[in-house]
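**Student:** Next comes the sequence, and after it the predicted model I'd like to discuss.
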Amino acid sequence: MENLITIISLASTGACLLGTSVGFLVRLVKAAKEKKRALQTIKICDAVVPFIKQAESFLNYSAIEKKEFVMTKANQFAIENKMSFDVGLIDGKIEELVRLTKEVNMRERDRLSQMQHST
């Protein structure tokens, strides 16, 4: 009878350890996937900057057409490098980069304007 109790005790301890290990491994795999996805997003965002510069050189195109050009180039970059492409996330990053560029350009224009008025 004592052997049966010992076996049941060991089995339940083993089952608890197995369940805990499986839970830990699942969280570890999810975290690794998220890290990979975050690194891919950073690489795509880094690649987007030259595409934005190129699109800004297009004179007779609307902002929407320029953005479509950048999104297409970013998607091609992701495909060529076998990366996942989150349209919403990349779209938001492009908007953020364009907004930041406009703010910097406005500050530069204001500074130059002030310099011209003071001389």
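**Tutor:** Sure, I can see it. Numbers count the residues shown, from 1 in each chain.
**Student:** Can you tell me the SS state at residue 58?
**Tutor:** coil (DSSP: H, G, I helix; E, B strand; the rest coil).
**Student:** so how far is residue 50 from the residue positioned nearest the centre of the chain?
**Tutor:** In the chain, the centroid-proximal residue (C-alpha atoms, centre = their mean) is residue 41; its distance is 3.0 Å. As judged by C-beta to C-beta, to the nearest Å, residue 41 and residue 50 stand 17 Å apart. For glycine as for every other residue, the C-beta is placed from the backbone atoms N, C-alpha and C.
**Student:** re earlier: quick check: which element contains the residue nearest to the centre of the chain?
**Tutor:** Mapping residue 41 onto the secondary structure by DSSP states H and E places it in helix 2-56.
**Student:** Remind me what that helix packs against, helices and strands.
**Tutor:** In terms of contacts (3 or more C-beta pairs under 8 Å, 6 or more residues apart in numbering; DSSP states H and E), helix 2-56 is packed against helix 63-80, helix 87-118.
**Student:** count of residues packed around residue 51?
**Tutor:** Neighbours of residue 51 under the rule other C-beta atoms under 10 Å: 19.
**Student:** What score does residue 116 have for pLDDT?
**Tutor:** Residue 116 carries a pLDDT value of 68.
**Student:** pLDDT weak spots in this protein?
**Tutor:** Applying pLDDT under 70 to the chain flags the ranges 108-109, 112, 114-119.
**Student:** let's see 80
**Tutor:** 1-2, 104-119 (pLDDT under 80).
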